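J.: need a structure here:
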Amino acid sequence: MDMSDAPTPETSVDGKRNLQRSSLFIMGSIKVAESDVWVPIKIKNLSASGLMAEGKVTCQQGDRVAVEAKGKVDAEGSVAWIVGGRIGIAFDTLIDPQELKQPVGDGKDLLPIYLRPDPGRPGRRPGLKAF
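T.: From the prediction side, this is the model:
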């Protein structure tokens with residue numbers, strides 16, 4: 001085996017991936033290098049070296065892309081494969097997948113704002129009359 005056939009850090013000798021993948025569901029966006037338009041995607045699988053996503057992305061295998069998710073990870077890479085509405089992206093550099101698994105915000109206010117009590121109003125519902 002010469003060095004051109006040597007496995008990369010992302011693959012083993014038999015061509016299979018050896019980096020751990022996480023199945024998840026995170027909304028993100030992708031932009032093809034020649035475009036200024038960010039297209040929404042659903043990230044389904046994520047590893048340090050790439051991702052699998054679903055979305056209405058118009059691109060071809062080998063195209064350069066930029067990926068953003070949760071405002072935390074900006075990664076660049078290339079389209080590895082396209083099957084139906086799914087797309088595989090191989091990142092140029094390894095990322096930390098745990099970064100995307102962290103909740104957005106400080107975690108203190110888990111209730112949506114419309115369900116939180118207003119400190120300036122009494123605890124009664126508007127329109128509710130006491131007997």
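J.: Show the contacting residues for residue 67.
T.: Counting by C-beta atoms under 8 Å, 6 or more residues apart in numbering, residue 67 makes contact with 28-30, 41, 51, 73-77, 89, 91. Where you see a C-beta, it was placed from the backbone N, CA and C, and this is true even at glycine.
J.: Just to be sure, it is in a helix?
T.: No: counting by DSSP: H, G, I helix; E, B strand; the rest coil, residue 67 falls outside a helix, being strand.
J.: Now do the buried residues in the lowest-mean-pLDDT helix or strand in the chain.
T.: Least confident element among the helices and strands of the chain, by mean pLDDT, DSSP states H and E: helix 98-101 (a mean of 78). Neighbour counts using 16 or more other C-beta atoms under 10 Å place residue 100 of helix 98-101 among the buried residues.
J.: Residue 75 - how many residues pack around it?
T.: By other C-beta atoms under 10 Å, the residues close to residue 75 number 18.
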